[in-house]
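Chemist: Just need the structure, nothing else, for what follows:
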Amino acid sequence: MPLRDIDRQLIERCLRKEPGAWNDFVDRYMGLIYHVIHHVSHARTLQLSEADIEDIASEVFLAIVEDEYGVLRRFKGGSSLPTYLTVVARRICVKEVVKRYRDEQLGHTSAHRASVEEEDDIESEPIAAAEEVDRMLEGLTEREAQVIRLYHLKYLNYRQIGKELGIAENSVGPILARARQRLRRQAEHRASK
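Modeler: Residues are numbered from 1 along each chain as shown. Okay, here's the model as predicted:
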């Protein structure tokens, strides 16, 4: 389906940063974004809270406006705008859902709640944890350590890490894989002592 005039005009208005253009864009595509989020969670048999759904929708909209509406500038018109936005939203949604599931499985959610509820040693625990992380990362190159910190401690995605470090997004995964492999070998070495 070709790009409709109304969508072409909406993209142009957003790129020119006309007043009200972004609100019109959100009004027009909010339902689509929410539909994609529900579809992804249903396909993965996950229950998302309303807060999670709103957070993920916010991530999608932030990705669209990031880098001066980079998502809209990269749109070539080879499909309809709703089709293009569905693909963009689905990719972001899958990453966010996986991240939330991973955090839950690793106990970050419960660990965070426990640290908020616990007031004893509130200052010494983060310092001890930071020192432990620094010891673990000693055997890595500086770049590997940076990627590990950004991915596992700051929860940035590959694109955000690439932007932060000034490297290609597709090089983040291999760096992360090498770093994890080194960390595994270090842990095995320590365990064998």
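Chemist: Flag the shaky bits of the chain, pLDDT-wise.
Modeler: Across the chain, the ranges flagged by pLDDT under 70 are 1, 101, 103-135, 152-153, 187, 190-193.
Chemist: could you pull out the strands for it?
Modeler: In chain order, the chain shows no strands, with DSSP state E as the criterion.
Chemist: Show me the domain layout of it.
Modeler: Split into domains by automatic domain parsing, the chain comes to 5-108, 120-188.
Chemist: now the ones you listed as a markdown table including mean neighbour count?
Modeler: All C-beta spots, glycine's among them, are computed from the backbone N, C-alpha and C. Compiled in a markdown table, these are given as follows (neighbours: other Cβ atoms under 10 Å):
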| stretch | mean neighbour count |
| --- | --- |
| domain 5-108 | 15 |
| domain 120-188 | 14 |
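Chemist: Please name the residues that touch Arg100.
Modeler: With contact set as Cβ atoms under 8 Å, 6 or more residues apart in numbering, Arg100 has these partners: Asp52.
Chemist: roughly how far apart are it and Glu169?
Modeler: Using Cβ to Cβ, to the nearest Å, one gets 21 Å for the distance from Arg100 to Glu169.
Chemist: Likewise for Pro19?
Modeler: Distance from Pro19 to Glu169, by Cβ to Cβ: 33 Å.
Chemist: now swap in Leu46 and tell me
Modeler: Spatial separation of Leu46 from Glu169 under the definition Cβ to Cβ is 26 Å.
Chemist: Who are the contact partners of the most centrally placed residue in the chain?
Modeler: To find the centre residue of the chain, average its C-alpha atoms and take the closest one (Cα atoms, centre = their mean): that gives Asn157, at 4.3 Å. Contact partners of Asn157, counting by Cβ under 8 Å, 6+ apart, are 95, 99.
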